[in-house]
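S.K.: got a predicted structure here, sequence first:
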Amino acid sequence: MPQVKPIPEGLHTLTPHLIVKGAARAIEFYKRAFGAEEVSPASTTPDGKVMHAHLRIGDSQFFMADEFPGGNARSPQALGGTPVVFHIYVEDVDALWSRAVAAGVKVTMPLGDQFWGDRYGQVEDPFGHHWALATRKEQVSREEMNRRAQEAMAKMAQQHS
C-alpha cells in the first residue's frame, strides 16, 4: 500500500477556504477575473450547492464551498463584510488588474505604485471577498520604507484636512 502524504501534493500548511453565496458562479468568476483553474471538479449536493471546490491561482491553491444555512460558515454577504484580504502577487499586475476589472470586480483601492515597492491595488469581487493584486517593482530597505511611509501618511493627512 502506498504511503499517504500528511499534506496533499501541491498544498501548503495553511490553505484558505472561502465560503461563498453562489459558489458555482464564483468558480466561473474567479476563472475569468484571476485565471483560476479547477484542480478537481466541485462536489455538489443534489440541489446543486457546492460542498467542496478546489481551485488554483498561479502556484497557490484554495478551497471553496457554498454557505449552508444553519451551519457555522457564512459568506461575506451574510456577515455584511469580511476582515480578510487575499493577496495575489503576479509578474504583470496591470494585466491581471485589467482582466479583473473587465470581469466585474469593484475597485476599492486604485492600482498604483506604493511606497513599499509594490505596484498594488485592491478590489472586491461580486461575492464580497476582497483581493489585493500586486507586482513587486522595487526592493526597499526598512529605513527607506519607514521614511516613505512617513511621507505618505503626511500627504494623506494634508489631503483629508
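M.R.: Received the coordinates, thanks. Numbering: from 1, shown residues only.
S.K.: distance of the residue at minimal distance from the centre of the chain from residue 79?
M.R.: With distances taken as CA atoms, centre = their mean, the residue of the chain nearest its centroid is residue 86 (3.2 Å). Residue 86 is 16 Å from residue 79, where distance means CB to CB, to the nearest Å. C-beta here means a position set from N, CA and C on the backbone, and glycine is covered the same way.
S.K.: do the same with residue 59
M.R.: From residue 59 to residue 79 the distance is 29 Å (CB to CB).
S.K.: so for these two, which sits in the more crowded spot?
M.R.: Taking neighbours as other CB atoms under 10 Å, residue 59 and residue 79 compare with residue 79 leading, 12 against 8.
S.K.: can you mark which positions in the helix or strand encompassing residue 52 are buried?
M.R.: When elements are defined using DSSP states H and E, residue 52 is found to belong to strand 50-57. For strand 50-57, a neighbour-count test (16 or more other CB atoms under 10 Å) marks 50, 53-55, 57 as buried.
S.K.: do the same with stretch 102-110
M.R.: 103, 105.
S.K.: so where is the chain shaky, pLDDT-wise?
M.R.: Low-confidence segments of the chain (pLDDT under 70): none present.
S.K.: could you pull out the strands in it for me?
M.R.: For the chain, applying DSSP state E gives strands covering 17-20, 37-44, 50-57, 60-66, 85-89, 106-113, 118-124, 130-136.
S.K.: returning to what we had before: what's in contact with the strand holding residue 52?
M.R.: 10, 20, 23-24, 27, 30, 34-40, 42-45, 61-66, 88 (CB atoms under 8 Å, 6 or more residues apart in numbering).
S.K.: of those residues, just the buried ones, PyMOL syntax please.
M.R.: Per 16+ other CB under 10 Å, the buried members of the contacts of strand 50-57 correspond to this PyMOL selection:
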select buried, resi 20+23+24+27+30+34+35+36+42+61+62+64+65+66+88
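S.K.: now for the longest helix seen in the chain, which elements pack on it?
M.R.: Assignment by DSSP state H gives helix 142-159 as the longest helix of the chain. Applying 3 or more CB pairs under 8 Å, 6 or more residues apart in numbering; DSSP states H and E, one finds that helix 142-159 makes contact with no other helix or strand.
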